[in-house]
Structures are given as structure tokens and as C-alpha cells.
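Asks: Let me see the structure of the following:
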Amino acid sequence: MSETMVTVRDVHKAYTRGKQSIDVLHGLDLSIPGGDFVALMGPSGSGKTTLLNLIGGLDQPTSGEVWVAGQRIDRMSSGELARWRAANVGFVFQFYNLMPVLTAQRNVELPLLLTGLSAAERAQRAAIALKLVGLADRAHHKPKELSGGQEQRVAIARAIVSDPKILVCDEPTGDLDRKTADEILTLLQQLNRDFGKTIVMVTHDPKAAEYARRTVHLDKGALVGEPAAH
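Replies: The predicted structure is shown next:
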């Protein structure tokens, strides 16, 4: 573990629906060291995905501070946030979000289009990422030619191809059978253990949470008890 990767200070988040204001997070504080692997758990509506989106720079708090990788991101403009996300965060979602017309290789290259890398450098990095997730032999297959587990491996390769400081995973195994889910979680564990990637993962699945170093429970927009270390 290294210095703090994520600091959330007194964060409130409210959404407006019509004339009604709905509070999702209530003065939440959370600290995540670099190299940690944290599972965020809690009932539906507890604020897990909202917190994940704040950490990943996909949303901003109503009040409070969000620091990630040494930068205060809650004060950034949308353009600054987009550039910051491209350089610092890898996203893994439940439903893969792959482009169906592109091969695995091209899907993995997508985040690199925002960089100054040449086509050859992009291809080389994508090949390395696919090899890392065990899919070097599927580089030229399109998503419909892959299993769900293989699609999620492509999504993970896409998430790590730009060498982000943090991986943000929203129910990454929610659409997979148990055996495939365990393979994906073992891969995330390997990225955390062998490559030092900081991972924050939302999950409903207690078995998935067991792969993390610790579990943080949310309920009604607040942390419940002390985060338990594994």
C-alpha cells in the first residue's frame, strides 16, 4: 500500500426530480490507499454507484471534496474531468459496453485515441493488454464471436490499456455465471496484487466481495461501521 489514492471528505450528493430534492449521500468520508482493492456493498439505493461515479469523475458532489490521485476533481470543469479520466481511470461496467462492429483489438485501443500515440504504438499496447487478460488469440474477433466472460476480459483490457492509476468497476460480474465471475474476479485480484492497481468495485455479491482486500458497507447514503480488512 502506498499513499492515499482516494479521499472523500464530507461529501453530500442530492438529485432533483421535479420539485423534489433526493439526498443520496450524507456527509460521507472515505479514504482508500494506493494499491487497495475495495468492495462497496449495500442495498439498492444505498448510494454505492453514486459514490463510485464521484470517485471515477463521472459525476460531481453537491458539496464536499473528492481527491483522486493527488488531484481535487470536484472542482474541475467537464472538459478538465474528461481529460483527467482519460489519463487516470479505467472503467469496467456490468454490460461490457463494447463496440459491436469493432474487433477486440480495436475496442481495447479506443481509450488510446485520446492520446498522442501512433497507430503502431496503440496496436502494441492493446496487444499487451489482451495478452494480460488471456485473450491474445481473440484479438481479431468481434464481441458477438466471444462469450460473456471473454467480452468482460476485453472490457478489462480496455480499462487497463492506458495504465490508469485506479480501476472503477460497477457490478463487473453481475451478468456472468459463477465460474466465469470467479475467473474475472481472479483477474482483478491479479491486477491489484501483481500490478498494484487500486480497484474500487461495487457489487451485490458477497462472494465477489471476498476477492477484495476489504469491504465498505453503505446504507442510506452513509458508511456503516468500520471498513473491515481482509
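
Asks: Between the two ends of stretch 55-75, how far is it?
Replies: This stretch, stretch 55-75, spans 13 Å end to end (Cα to Cα, to the nearest Å).

Asks: is it fair to say residue 158 lies in a helix?
Replies: Yes - Residue 158 forms part of a helix when assessed by DSSP: H, G, I helix; E, B strand; the rest coil.

Asks: Skipping adjacent residues, who's closest to it in space?
Replies: Distances taken as Cβ to Cβ, 6 or more residues apart in numbering put residue 108 closest to residue 158, at 4.7 Å, once the chain neighbours are dropped. (Glycine included, C-beta is placed from N, CA and C.)

Asks: part of a strand, is the one you found?
Replies: No - counting by three-state DSSP, one finds residue 108 to be helix, located in no strand.

Asks: can you tell me which residues contact it?
Replies: By Cβ atoms under 8 Å, 6 or more residues apart in numbering, residue 108 lies in contact with 126, 129-130, 154, 157-158, 161.

Asks: Can you name the residues in contact with the longest helix seen in the chain?
Replies: Assignment by DSSP state H gives helix 178-195 as the longest helix of the chain. If you take Cβ under 8 Å, 6+ apart as the criterion, helix 178-195 is touched by 35-37, 133-134, 147-149, 152-153, 156, 160, 167, 169, 172-173, 176, 197-199, 201, 205, 207-208, 211, 213.

Asks: follow-up on the earlier one: any quick ChimeraX command for the buried ones out of the contacts of residue 108?
Replies: In ChimeraX syntax, the buried subset of the contacts of residue 108 is picked out as below (16 or more other Cβ atoms under 10 Å):
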select :126,129,130,154,157,158,161
